[in-house]
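Visitor: Take a look and give me a structure for this.
(chains A and B)
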Amino acid sequence: MPLQAEPHIATAVLSADDRWVHVATRLGMRRNERRVEPGLYRLGAPDAKSPVCVTANYQLSFDALRTALVGRDAWLLVLDTRGINVWCAAGKGTFGTEELVARIQATNLQEYVSHRSLILPQLGAPGVAAHEVQKRSGFRVRYGPVRAQDLGRYLDEGDCTPQMRQVTFTLAERAVLAPIEAVHQGWKMLLAAVLLYLLVGFWGALVAVVAVLTGALLFPLLLPWLPTKEFASKGLLLGALVSAPLALAARASLSPAWAGMLAALGLMLMAAATVAYLGMNFTGSTPITSQSQVKREMLRYLRWMVGSAALGILLVIVAAIGRWIGA
Amino acid sequence: MSVQTCAVNTLQYDAERCIGCGMCAIVCPHAVFVVEDRLARLARAEACIECGACALNCPAEAIQVDSGPGCFTALIHAALYGGEPTCGPRDDADCGCGETSSSCCGDDKKTSCC
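Guide: Numbering: from 1, shown residues only, chains lettered A, B, ... in the order given. Below you'll find the predicted structure:
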């Protein structure tokens, strides 16, 4: 790792461009390119006694940290996590013991501060062994709060309340993750809509659009209120529910009648499978699911999801044939 | 043997090794551990999301947990193509779960996914 000669400068204020970057990133635009230069930064006018706060080089992480320190003087130590946020990078190991120890050495941190203390975000803990860092660098790791916005209070009070140490998944926190799910399904949704239109007409296309938007947007919002405990079954139920009225409309719009029936059933099965799949996909964005839980659900529901999709497609195709031959 | 386990996840805790440092309670995002009288105990083992922070930060190695990626895409990938689920190094910023993995890393997301 190259040595850093001089600390960079950071401010605690977001520019208009920074704000735009936040919006764009949440919509998935150039999400992999939102990085800042790793290394040591001055925020305000820090001296030898000022705290050292560590973060990842993902721009949104860096911005969350610096804006939480408005009006304060601090050293910011930015680790190279290749533009990934703290918690994900910690899980991967890039926000980790090795990178932290190496970055301390490369920035010559010990020359800038007289204390030997580092403040890390609590969610960096899956990647950092505090006792290892101390042994190898001489710096003691203190874990600050989960949320950057509590950092000011942590610095003033010297410790965290239990609430500051717990991760939540409120409606607002779920909502902010939803748009990118929808954006990533965009072309698949349009393709499905076109195919279903050709097979069973307008209502089929609408089911495609509604199913994807339900899975990507509605599912995250309604998550805790959906009746079962499992993401997969929550998705199957929501998909069936949301598609039912549209499936009935499809049935009414198609002839012969038996083709309408099959189309309606097929659309509901496809919608259920779609929302269940997107719901399971969402587990990767939640702070409340464990690998064991996702494995368990996968083993239990994957065959139902695949079966529902396959049968649904089959029924829709048969219905389309029925329309075409006009029997 | 004094190792406590949990039916719904891979968390294991050996109270006999505990030195009462309190790190597990500090780093856990779901208050799984409570430290009283210089001894940790499992208060909410079923709430554990297997992030691995406690196990990594326990200087006494009293805690074990399997903290691999819990994201659906990674698990499907591993099931189909073999190998362990991984957020492997496909590309610098990419998760390895798949190019179009929308729900994975990147956002200011807090998750034990990849």
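Visitor: most residues in a single strand of chain B, which one?
Guide: Criterion DSSP state E: the longest strand present in chain B is strand B:9-14.
Visitor: and the helix or strand following it, how far from the chain's centre?
Guide: Later in the chain than strand B:9-14, the nearest helix or strand by DSSP states H and E is helix B:23-27. Centroid separation for helix B:23-27 versus its chain: 13 Å, with C-alpha atoms, centre = their mean, to the nearest Å.
Visitor: pLDDT on helix B:23-27, on average?
Guide: For helix B:23-27, mean pLDDT is 98.
Visitor: in its sheet, what does the longest strand of chain B sit against?
Guide: Under the criterion DSSP bridges, strand B:9-14 sits next to strand B:3-6 (antiparallel), strand B:63-64 (antiparallel) in its sheet.
Visitor: just how off-centre is the longest one within its chain?
Guide: When distances are taken as C-alpha atoms, centre = their mean, strand B:3-6 is centred 15 Å away from the chain's centroid.
Visitor: Name the residues of it that come out as buried.
Guide: B:Cys6 (16 or more other C-beta atoms under 10 Å in any protein chain shown). Any C-beta I mention is one placed from the backbone N, CA and C, and that applies to glycine too.
Visitor: and the lengthiest helix in chain A, anywhere near chain B?
Guide: As assigned by DSSP state H, the longest helix anywhere in chain A is helix A:291-325. Yes: among the residues of helix A:291-325, A:Gln291, A:Ser292, A:Gln293, A:Val294, A:Lys295, A:Arg296, A:Met298, A:Leu302 lie within reach of chain B under C-beta under 8 Å from any C-beta of the partner chain.
Visitor: ok, back up a step: can you add mean pLDDT and give the strands paired with strand B:9-14 back as CSV?
Guide: Formatted as CSV, the strands paired with strand B:9-14 follow (pLDDT from 0 to 100):
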stretch, mean pLDDT
strand B:3-6, 94
strand B:63-64, 98
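Visitor: out of the ones you listed, which comes closest to A:Leu109?
Guide: For A:Leu109, the closest of these is strand B:63-64, at 29.8 Å, according to C-beta to C-beta.
Visitor: does any part of stretch A:69-79 sit near chain B?
Guide: No: judged by C-beta under 8 Å from any C-beta, stretch A:69-79 stays clear of chain B, getting no closer than 14.3 Å.
Visitor: Now do the end-to-end distance for that stretch.
Guide: By C-alpha to C-alpha, to the nearest Å, the extent of stretch A:69-79 from end to end equals 18 Å.
Visitor: Same question for stretch A:162-170.
Guide: First residue to last in stretch A:162-170 (C-alpha to C-alpha) measures 17 Å.
Visitor: related to what we said a few turns ago, from the chain's centroid, how far away is the longest strand of chain B?
Guide: With C-alpha atoms, centre = their mean, you get 10 Å for strand B:9-14.
Visitor: Give me the residues contacting it.
Guide: A:290-293, B:2-6, B:32-33, B:40, B:42, B:45-46, B:48-50, B:62-66 (C-beta atoms under 8 Å, 6 or more residues apart in numbering or on different chains).
Visitor: could you redo the last one with a cut-off of 10 Å?
Guide: The contact list for strand B:9-14, computed with C-beta atoms under 10 Å, 6 or more residues apart in numbering or on different chains, reads A:290-293, A:296, B:1-6, B:24, B:32-33, B:40-42, B:45-50, B:52, B:54-55, B:58, B:60-68.
Visitor: how about the closest residue to B:Arg17 other than its chain neighbours, phi and psi?
Guide: Using C-beta to C-beta, 6 or more residues apart in numbering or on different chains and skipping residues adjacent in sequence, the residue nearest B:Arg17 is B:Ala62, 3.7 Å away. B:Ala62 adopts backbone torsions of phi -90, psi -10, taken as degrees, to the nearest 10.
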